[in-house]
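J.: Following is a predicted model, sequence given first.
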Amino acid sequence: MKYNHALALNPYHKSSTIILGLFPPTGLEYIATSMKDLVGKVTLLDLKHEKGYQKIDRLNEFIKKEIDLLCISIVWNSHFKEVCELVCKLPGEVPTVVGGYKATEEVDYLFERCPNIDVIVRGEGEETIKEIVMGRPYREILGISYRENGKTIHNNNRPLPDVDSIPFPDRSLRRCKYNAVLNNTRITNITFDTILTTRGCPYNCKFCTFNLNPLGQKRNYSERPLESVIEEMKTITADVILFSDDNFFTNPERSEKLCELIIENKIKKSFIVQSRIEIAKNPRLLEKAQKAGFKLFLIGIESPHDRILKQLHKGFTVKQVREAFKVLNRYNFYIHAYFIYGNIGETEEEMLYIPEFAKKLKVDSITFQKLRIERYSPLKELVDKTSGYYYDRIGGSVYSDRFGRKKLKEISTKIKFNFYTASRIKAAVKKAYKIELFTRPDLIRLFMILPFLLLGVLKTEIWEKRRFAKTLRHILVRG
């Protein structure tokens, strides 16, 4: 073996949001699993949960003493600069390989910013990391960029591997359980995990690049054998499982069969899925999903306006959205809807209609984000040719002469408080308890902090905090 001890490092640990602490770094776990039998030992270190190793001196001491290969996952736009600073401080004498979505987007920047990086894996890395740890010459390895004689060499892209050839994550490599965490404080005793049963998406929403990797390669929709999915589920001890599939119900017949297998194998979990509104056309599948333990649906609506939906190539209309939710609301599912604001040509009035529309649909909670452009996004051309519109190169957020950062933040605040009223928060908590998404002790703990999570008051202005305090008092006194 070329390497005695490899470290798979998730460098993200600074966050004021719950999401980054909720689920394991699944992509990094796939990499660790792929190389575990080809090196002497693999240590998987997630800085979100390893408080001691968040101190750079202790982390460096461990690396210098134990590690002869360092593999780092750089995935998110969030805290990208802080992650780069951390990487720069790691021991330069230890071979360092970096990968992940954000790393693939920022190859040249990372090599310039972090002189201790030796190799950057572009795109999906399960097969690539195997060749690296086996000692294959860099010039022969597809899908990497590396330094050689003061120059940066970019090898050809690696073809996307068959989804059946990728082993699922070995969860025995974990050093911690994954609970809801905020500012390094555990909120509930409920544990979370993720599972991926398909890769790719057959739809072509114009704002979305889920079916493209950062190299612009289209990942065609492909399915894992259901037997493999059930086998992996049996290794999961977490209470709540998120299906990371872009759309769990793309193939309704397959989804129905998986629900049946979950029931037959007596797998007692709460499931979270991402879906499109088309699922409402299959009530039999919805009934089986409810029986199998599916509790929370994440549904991308994006806009309450047909003009914007057409611009985004969503493939449905506002009328179809309304009809779908009439069906979905008959079931005991907690429904979280996604919206995008700041679209091309969108007026302030149109953006501010989002919370009103969401209320009419009777969704339980919403997330609303600025329009973003990624490197291979089909919307990039539209933004480039639309006068007065531009986007941030690093984060990809779209702005315009009329709607700059400050104005969009004001609109975001209005959307937030127009939707998340005292009665709305109370209803969301009741719904979560009714469908047994949380136990009573967990719900009590979560209840005390849920409004902060939903309203984002940890970052709001003073007047917003005062308004929130009034709202919370209303819930506690009258709820």
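T.: Happy to help now that I have it.
J.: quick one: contacts for the nearest residue to Ala428 once chain neighbours are set aside?
T.: Excluding the flanking residues, the one nearest Ala428 by Cβ to Cβ, 6 or more residues apart in numbering is Asp364, at 4.9 Å. For the C-beta atoms, the positions are set from N, CA and C on the backbone; glycine is no exception. Going by Cβ atoms under 8 Å, 6 or more residues apart in numbering, Asp364 touches 334-336, 427-428, 431-432.
J.: Tell me which two of those sit farthest apart.
T.: Between any two of the contacts of Asp364, the greatest separation by Cβ to Cβ is 13.3 Å, found for His336 and Ala427.
J.: Quick one: end-to-end length of stretch 302-322, please.
T.: One end of stretch 302-322 to the other measures 13 Å (Cα to Cα, to the nearest Å).
J.: What is the distance between that stretch and the centre of its chain?
T.: 23 Å (Cα atoms, centre = their mean, to the nearest Å).
J.: hmm, who's touching that stretch?
T.: 203-207, 276-278, 300-301, 338-340, 343-346, 350, 353-354, 356-358, 360-361, 378-379, 382.
J.: again, but for stretch 87-94
T.: Residues outside stretch 87-94 that contact it (Cβ under 8 Å, 6+ apart) are 11, 56, 59-60, 63-64, 67-70, 72, 74, 96, 98, 110, 113-117.
J.: before we move on, back to that, with respect to Pro169, which of the contacts of Asp364 is nearest?
T.: His336 (25.0 Å).
J.: List the beta-bridge partners for that closest one.
T.: On the basis of DSSP bridges, His336 takes part in beta bridges with Leu298, Ser365.
J.: ok, it to Asp384 distance?
T.: To Asp384, His336 is 32 Å away according to Cβ to Cβ, to the nearest Å.
J.: Looking at the two, which is more packed in?
T.: His336 (17 against 11; other Cβ atoms under 10 Å).
J.: Can you give the domain ranges for the chain?
T.: According to automatic domain parsing, the chain is divided into the following domains: 5-164, 196-419, 423-479.
J.: Would you mind giving those domains as TSV with mean pLDDT and distance to Tyr178 added?
T.: Putting these into TSV (pLDDT from 0 to 100; distance: least, Cβ to Cβ, whole Å) gives the following:
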stretch	mean pLDDT	distance to Tyr178
domain 5-164	92	5
domain 196-419	90	7
domain 423-479	60	14
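J.: May I see the ones you listed arranged in a markdown table, with distance to Arg174 as well?
T.: Formatted as a markdown table, the domains of the chain follow (distance: least, Cβ to Cβ, whole Å):
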| stretch | distance to Arg174 |
| --- | --- |
| domain 5-164 | 6 |
| domain 196-419 | 10 |
| domain 423-479 | 21 |
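J.: and of the ones you listed, who's closest to Ser172?
T.: Closest approach to Ser172 among the domains of the chain (Cβ to Cβ): domain 196-419, 8.5 Å.
J.: Contact partners for the spatially most distant residue from the centre of the chain?
T.: Here the chain reaches farthest from its C-alpha mean at Asn149, the gap being 37.4 Å by Cα atoms, centre = their mean. Not one residue lies near Asn149 by Cβ under 8 Å, 6+ apart.
J.: How much space separates Phe248 from Leu285?
T.: Distance, Phe248 to Leu285, using Cβ to Cβ: 10 Å.
J.: nope, Thr237 is what I meant
T.: Distance of Thr237 to Leu285, given as Cβ to Cβ: 27 Å.
J.: now Asp46
T.: On the measure of Cβ to Cβ, Asp46 and Leu285 end up 35 Å apart.
J.: Of those two, which one has the most company?
T.: The residue with more neighbours, out of Asp46 and Leu285, is Asp46; 23 against 18, by other Cβ under 10 Å.
J.: Quick check: that one touching Phe23?
T.: No. Using Cβ atoms under 8 Å as the test, Asp46 is too far from Phe23 to be in contact (10.6 Å).
J.: which residues are in contact with both of Phe248 and Leu285?
T.: With Cβ under 8 Å, 6+ apart, Phe248 and Leu285 have common neighbours Ser255.
J.: mind listing the helices in the stretch 301-450 of the chain by residue range?
T.: 306-311, 318-328, 348-352, 354-361, 379-385, 405-419, 422-434, 440-455 (DSSP state H, counting those that start in this stretch).
J.: Ok, which of these comes nearest Asn156?
T.: Closest approach to Asn156 among the helices of the stretch 301-450 of the chain (Cβ to Cβ): helix 379-385, 23.8 Å.
J.: Report the buried residues of the closest one.
T.: Neighbour-count burial for helix 379-385 flags 379-380, 382-383 (criterion: 16 or more other Cβ atoms under 10 Å).
J.: Now the two most distant members of those residues.
T.: Farthest-apart pair in those is Lys380 and Leu382; separation 7.3 Å (Cβ to Cβ).
J.: Show me what Thr198 is bridged to.
T.: Bridge pairing for Thr198 - DSSP bridges - gives Glu223.
J.: Contacts only, for it.
T.: By Cβ under 8 Å, 6+ apart, the contact set of Thr198 is 163, 221-224, 245-246, 248, 250-251.
J.: ok, 7 Å please
T.: Residues in contact with Thr198 (Cβ atoms under 7 Å, 6 or more residues apart in numbering) are 221-224, 245, 250.
J.: Check Val398 too.
T.: Applying Cβ under 7 Å, 6+ apart to Val398 gives the contacts 342, 370-373, 383, 389, 391.
J.: swap the cut-off to 6 Å and go again
T.: Contacts for Val398 (Cβ atoms under 6 Å, 6 or more residues apart in numbering) come out as 342, 371, 373, 383, 391.
J.: same deal with Ser275?
T.: Counting by Cβ under 6 Å, 6+ apart, Ser275 touches 248-249, 297, 299.
J.: max-length strand in the chain?
T.: Longest strand of the chain, by residue count under DSSP state E: strand 185-195.
J.: ok, it: who's next to it in the sheet?
T.: Strands that pair with strand 185-195, judged by DSSP bridges, come out as strand 179-182 (antiparallel), strand 240-243 (parallel).
J.: which non-adjacent residue is nearest Pro283?
T.: That would be Val327: by Cβ to Cβ, 6+ apart, it lies 6.7 Å from Pro283.
J.: related to what we said a few turns ago, which single one of the buried residues of helix 379-385 is nearest to Leu38?
T.: The closest of those, once distances to Leu38 are taken by Cβ to Cβ, is Lys380, at 38.8 Å.
J.: The closest one and Ile373 touch, don't they?
T.: Yes. Using Cβ atoms under 6 Å, Lys380 is in contact with Ile373, at 5.2 Å.
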